[in-house]
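*Asks:* Build me a model:
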Amino acid sequence: MPVALVVLVWLIAEVFVVIKVAGAIGAALTVVLLIASWPIGLWALRSQGGAAWRRLRAAVEQGRPPASEVVDGALVLLGGVLLIVPGFITDVLGILLLAPTRRLMRPVLLRNAQSRLFVSGPWSGGGAGTRSYDVDSTATDIDQPRLRS
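*Replies:* Alright, predicted model coming up:
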């Protein structure tokens, strides 16, 4: 239910902004701006998405972890999709994700992902609640009668 409420508020905000922009610059120019944003989004997905993919492949070929390249690719994809979706709020957010401001968001997202993914895993250093794993492959099969019911 909260997701539906966020989408509803988002749609209301987009319609409100479109009405205000149309009142300021005219309905025809507003429609032209709304239509012009999706080819720009497609172009950004093709050009910046291709560049992000090349950086990802280069990082993998060099044998280094491609964390920032993956985040860059995700931000480019999200920015391009936001430009394709009609609306001025989504266009502004899409431009922010495609512009050099993306470099400002990358460290925050990387730090957040590392704290969520790597700190709580079994490799986190043996704190409370960690499991012991059979890393040396010393497990053996036992006979059926020896198993507890």
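
*Asks:* What ranges does the chain have for its strands?
*Replies:* Using DSSP state E, no strands are assigned anywhere in the chain.

*Asks:* Would you map the helices across it?
*Replies:* 2-25, 27-62, 67-84, 88-98, 102-117 (DSSP state H).

*Asks:* Could I get those in JSON lines, plus columns for mean neighbour count and distance to residue 141?
*Replies:* From N, CA and C alone the C-beta is placed, and that goes for glycine too. Output for the helices of the chain, formatted as JSON lines (neighbours: other C-beta atoms under 10 Å; distance: least, C-beta to C-beta, whole Å):
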{"stretch": "helix 2-25", "mean neighbour count": "12", "distance to residue 141": "47"}
{"stretch": "helix 27-62", "mean neighbour count": "14", "distance to residue 141": "38"}
{"stretch": "helix 67-84", "mean neighbour count": "19", "distance to residue 141": "39"}
{"stretch": "helix 88-98", "mean neighbour count": "19", "distance to residue 141": "52"}
{"stretch": "helix 102-117", "mean neighbour count": "12", "distance to residue 141": "34"}
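
*Asks:* how about these, which one is nearest residue 137?
*Replies:* Closest approach to residue 137 among these is made by helix 102-117 (25.7 Å; C-beta to C-beta).

*Asks:* got the helices of the chain as CSV, with distance to residue 137 and mean pLDDT columns?
*Replies:* Conversion of these to CSV gives the following (distance: least, C-beta to C-beta, whole Å; pLDDT from 0 to 100):
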stretch, distance to residue 137, mean pLDDT
helix 2-25, 44, 94
helix 27-62, 28, 90
helix 67-84, 30, 88
helix 88-98, 45, 91
helix 102-117, 26, 74
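
*Asks:* With distance to residue 139 added, can I get these in a markdown table?
*Replies:* As requested, these are arranged in a markdown table below (distance: least, C-beta to C-beta, whole Å):
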| stretch | distance to residue 139 |
| --- | --- |
| helix 2-25 | 43 |
| helix 27-62 | 32 |
| helix 67-84 | 33 |
| helix 88-98 | 47 |
| helix 102-117 | 27 |
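
*Asks:* residues making contact with stretch 39-56?
*Replies:* Contact with stretch 39-56 is made by 66, 69-70, 72-73, 76-77, 79-84, 94, 98, as judged by C-beta atoms under 8 Å, 6 or more residues apart in numbering.
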